[in-house]
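S.K.: Have a look at this prediction, sequence included:
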Amino acid sequence: MRKCLLVFGLLSTFFIHAQTKKPVVEKELAAEPYTVLDSHPQKNLIVASVGNGDNMRFALLEYVSRKNITPFIFERSFSFNSSDYVPVKVNSKWGVMNTKGQITIPCIYSDLGSLTIDDAVYYIVKKDSRYGVINARNESIVPFLYDYISKGRYSDFLLEIGKGGKIGVMNLVTRKMVIPFIYDRMEVLSANLVKVEKNNRYSMVDMSGAQAFSNWYTYLQINFQNAYAVAQLNGKRGVLSLTGKEIIPFEYEVLQDAIAPETYFIGAKDGKYGLFGPNGGVVLPARYDMVEAAGFNMVKVTNNNKTGMVTTQGAPVLAMEYDEIVNKGNYFLLKKNNRYGFIGRTGNLILPVEYDALEQMITGENYNISYLLATRDGKKAIVDAATGKPLFDFIYDDLIGVSSYIEDPEVFGNAIIAVKNGRYGMIEMNGNILVPFVYDDLQYLNSFLVIAGKDGKYGIVDVYNKNIVLPLEYQFVNFNNNTITAYKNSYEKYRVSGNKITKMAN
């Protein structure tokens with residue numbers, strides 16, 4: 001009897017333990033279909049998504065089994081490429097998750113950004129319209145007192161902080177304000193220099209908060225790469241080095257910098273303009289009505305409405321006798337007494353100023369400016385922009401390119417519609433005649449065919465084979481969507497393929 005009771009007691013104990021043991025939860029396979037966004041085989045992880053657009057959601061899956069580590073609930077994608085902890089977003093709130101799918105920082109923040117200092121990770125977070133900084137354990141490092149906090153451009157531990165409409169810089173390591181909350185705006189230029197604005201005045205301070213410039217300026221444009229600043233003090237402009245040394249004195253009403261590729265400055269005093277070198281030395285005294293950057297190390301100078309050109313070192317290039325000088329990319333267009341010519345980048349005269357018009361000629365699909373469309377004495381030709389030599393004689397009334405819309409520039413291929421003595425034909429770029437000048441009208445159809453008109457009738461001509469592929473007996477011929485529509489006594493349609501046309505059934 002005792003043995004029976006003992007056995008019964010053991011069985012009862014086993015039964016009770018069996019009932020109270022935690023059940024094993026099997027991971028479910030990820031919902032199908034899903035899209036794999038990022039794989040981490042070494043971590044046995046996959047980042048996947050379902051849905052699309054605003055309804056797209058993301059999850060973490062096991063790489064091998066494809067079972068869910070997390071459900072598809074996250075609103076932004078994430079990747080474990082650089083860390084085992086990633087920001088995640090749920091219900092429009094941010095938090096942090098690890099590779100096990102555990103939320104290590106709760107999703108309670110409306111903004112979250114990470115930074116690393118000495119291998120320790122911190123997060124700039126926003127909560128209840130205020131910014132602060134927390135560590136990886138969600139402990140407050142910088143209290144939620146600020147209008148905004150952003151990571152320093154050149155240093156993670158120097159934080160740009162805004163409060164009450166003022167801006168300063170905090171050292172996150174010491175929690176001290178190295179630049180106090182007294183500035184309206186700031187621009188961090190380097191690890192040690194900051195451009196600051198206060199009461200519509202500008203200056204520079206270093207990261208200790210000490211003022212690097214001795215004055216406050218009403219205008220301050222800093223070129224950090226070339227280590228100078230154009231500034232305005234008491235209504236006059238000058239140039240400073242970034243150490244505060246005066247390069248050009250503050251006595252000019254206008255002062256602007258240019259780089260082409262060496263830095264130079266254009267200034268105006270008492271209504272007259274001059275030119276200064278990179279170290280502030282006078283290249284041209286202030287005696288010109290206008291001095292303007294022209295490009296290619298050239299500067300335009302103007303007096304009495306006549307313009308010339310010098311180099312940025314002041315060497316003469318063109319006398320002041322032109323009505324206009326325009327940078328056209330590979331050359332300068334010159335205008336004088338309603339005639340045009342052009343010079344190259346180095347100032348070498350390529351075309352004398354004797355043309356009615358000179359236009360950049362667009363060839364092919366790109367804005368190729370190897371050629372110019374030139375007009376002289378009312379006749380047109382194509383000019384080589386490198387040599388200034390025409391490719392053929394000035395004998396054409398017009399040279400016509402292709403344009404999709406009226407306002408678009410014309411584009412020229414190798415076969416060009418030309419007009420000579422009121423008759424239409426076609427020529428190549430070198431002037432060779434492709435289609436004789438016997439037509440009243442020609443219109444581009446494609447690279448091989450043109451619509452031709454003669455004596456009030458229209459047809460189609462093969463440009464290179466010089467044969468008529470559709471006789472000139474139609475009242476009109478129209479080409480659209482790769483289909484020709486022609487009308488004689490009835491409508492006819494043709495499909496086009498290269499230089500071949502095939503009649504289509506009505």
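M.R.: In hand now; what should we look at?
S.K.: correct me, but K336 touches I325?
M.R.: No. Judged on C-beta atoms under 8 Å, K336 makes no contact with I325 at a distance of 9.7 Å. From N, CA and C alone the C-beta is placed, and that goes for glycine too.
S.K.: the more surrounded of the two?
M.R.: A direct count of neighbours by other C-beta atoms under 10 Å for K336 and I325 places I325 higher, at 23 against 17.
S.K.: For M177, give the beta-bridge partners.
M.R.: Beta-bridge partners recorded for M177 (DSSP bridges): M170.
S.K.: contacting residues for it?
M.R.: For M177, the contact set (C-beta atoms under 8 Å, 6 or more residues apart in numbering) comprises I161, G168, V169, M170, N171.
S.K.: Could you check the pLDDT of it?
M.R.: Confidence at M177, expressed as pLDDT, is 94.
S.K.: check contacts around P249.
M.R.: By C-beta under 8 Å, 6+ apart, P249 lies in contact with G238.
S.K.: mind redoing it with 10 Å?
M.R.: K236, R237, G238, V239, G267, G280 (C-beta atoms under 10 Å, 6 or more residues apart in numbering).
S.K.: Equivalent analysis for N297, please.
M.R.: Neighbouring residues of N297 by C-beta under 10 Å, 6+ apart: 260-262, 264, 310-313, 315, 317, 345-347.
S.K.: Find me the pLDDT at it, would you?
M.R.: For N297, the pLDDT comes out at 91.
S.K.: rewinding a little: so which of the contacts of P249 are in strands?
M.R.: K236, R237, G238, V239, G267 (DSSP state E).
S.K.: how much space between T502 and Y474?
M.R.: 17 Å (C-beta to C-beta, to the nearest Å).
S.K.: Below-threshold pLDDT in the stretch 401-506 of the chain: ranges please.
M.R.: Residue ranges of the stretch 401-506 of the chain with pLDDT under 70: 404, 406.
S.K.: just checking, K380 touches L391?
M.R.: No. Using C-beta atoms under 10 Å as the test, K380 is too far from L391 to be in contact (11.4 Å).
S.K.: the more surrounded of these two?
M.R.: Ranked by neighbour count (other C-beta under 10 Å), K380 and L391 place K380 first, with 22 against 14.
S.K.: Who are the contact partners of the more buried one?
M.R.: K380 makes contact with 356-357, 359, 373-374, 390, 394-400, 418-420, according to C-beta under 10 Å, 6+ apart.
S.K.: in the helix or strand hosting it, what's buried?
M.R.: Secondary structure from DSSP states H and E places K380 in strand 379-384. Across strand 379-384, burial judged by 16 or more other C-beta atoms under 10 Å covers K380, A381, I382, V383.
S.K.: Can you name the residues bridging to the second one?
M.R.: Going back to what we said before, that points to A381. A381 has these beta-bridge partners by DSSP bridges: A374.
S.K.: repeat for G267
M.R.: Bridge pairing for G267 - DSSP bridges - gives L255, G274.
S.K.: number of nearby residues for it?
M.R.: 26.
S.K.: I'd guessed N226 sits against I247; true?
M.R.: No. Using C-beta under 10 Å, N226 is not in contact with I247; the gap is 11.1 Å.
S.K.: And these two? Which one has more around it.
M.R.: The neighbour comparison of N226 against I247 (other C-beta under 10 Å) goes to I247, with 19 against 13.
S.K.: Can you give me the buried ones in the helix or strand that contains the more buried one?
M.R.: If you go by DSSP H and E, I247 is part of strand 246-252. The neighbour-count check on strand 246-252 (16+ other C-beta under 10 Å) flags I247, I248, F250, Y252 as buried.
S.K.: for stretch 210-218, same thing?
M.R.: Neighbour counts using 16+ other C-beta under 10 Å place A212, F213, W216, Y217 of stretch 210-218 among the buried residues.
S.K.: elements contacting the one helix or strand S114 maps to?
M.R.: Following DSSP H and E, the helix or strand that holds S114 is strand 111-117. Applying 3 or more C-beta pairs under 10 Å, 6 or more residues apart in numbering; DSSP states H and E, we find strand 111-117 packed against strand 85-90, strand 93-98, strand 120-127, strand 130-135, strand 148-151.
S.K.: now the angle from it to strand 130-135?
M.R.: Going by axes from the mean of the first three to the mean of the last three C-alpha atoms, to 10 degrees, strand 111-117 is angled at 40 degrees with respect to strand 130-135.
S.K.: Paired strands for strand 111-117, with orientation please.
M.R.: Here, using DSSP bridges, strand 111-117 pairs with strand 120-127 (antiparallel).
S.K.: hmm, who's touching the partner strand?
M.R.: Contacts to strand 120-127, defined as C-beta under 10 Å, 6+ apart, come from residues 83, 85, 87, 93-96, 105, 108-116, 131-136, 138, 140-142, 144, 146-151, 156-157, 159, 161, 172.
S.K.: about what we covered before: the strand holding I247 pairs with which strands, and in what direction?
M.R.: Strand 246-252 sits in its sheet next to strand 236-241 (antiparallel), going by DSSP bridges.
S.K.: Tabulate the CA atom coordinates of the strand it pairs with in PDB.
M.R.: Extracted C-alpha coordinates of strand 236-241, given in PDB (Å, rounded to 0.1, in the frame of the first residue of the first chain):
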ATOM      1  CA  LYS A 236      32.500  99.700 -47.700                       C
ATOM      2  CA  ARG A 237      33.800  96.300 -48.800                       C
ATOM      3  CA  GLY A 238      37.200  94.700 -48.500                       C
ATOM      4  CA  VAL A 239      38.900  91.300 -48.300                       C
ATOM      5  CA  LEU A 240      40.300  89.500 -45.200                       C
ATOM      6  CA  SER A 241      42.400  86.400 -44.700                       C
END
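S.K.: Rounded mean pLDDT for it, please.
M.R.: For strand 236-241, the mean pLDDT works out to 97.
S.K.: picking that back up, identify, from the contacts of P249, the entry nearest to N304.
M.R.: G267 (20.4 Å; C-beta to C-beta).
S.K.: check contacts around that closest one.
M.R.: Shown in contact with G267 (C-beta under 10 Å, 6+ apart): 230, 237-239, 248-249, 251-257, 273-276, 282, 284, 286, 291.
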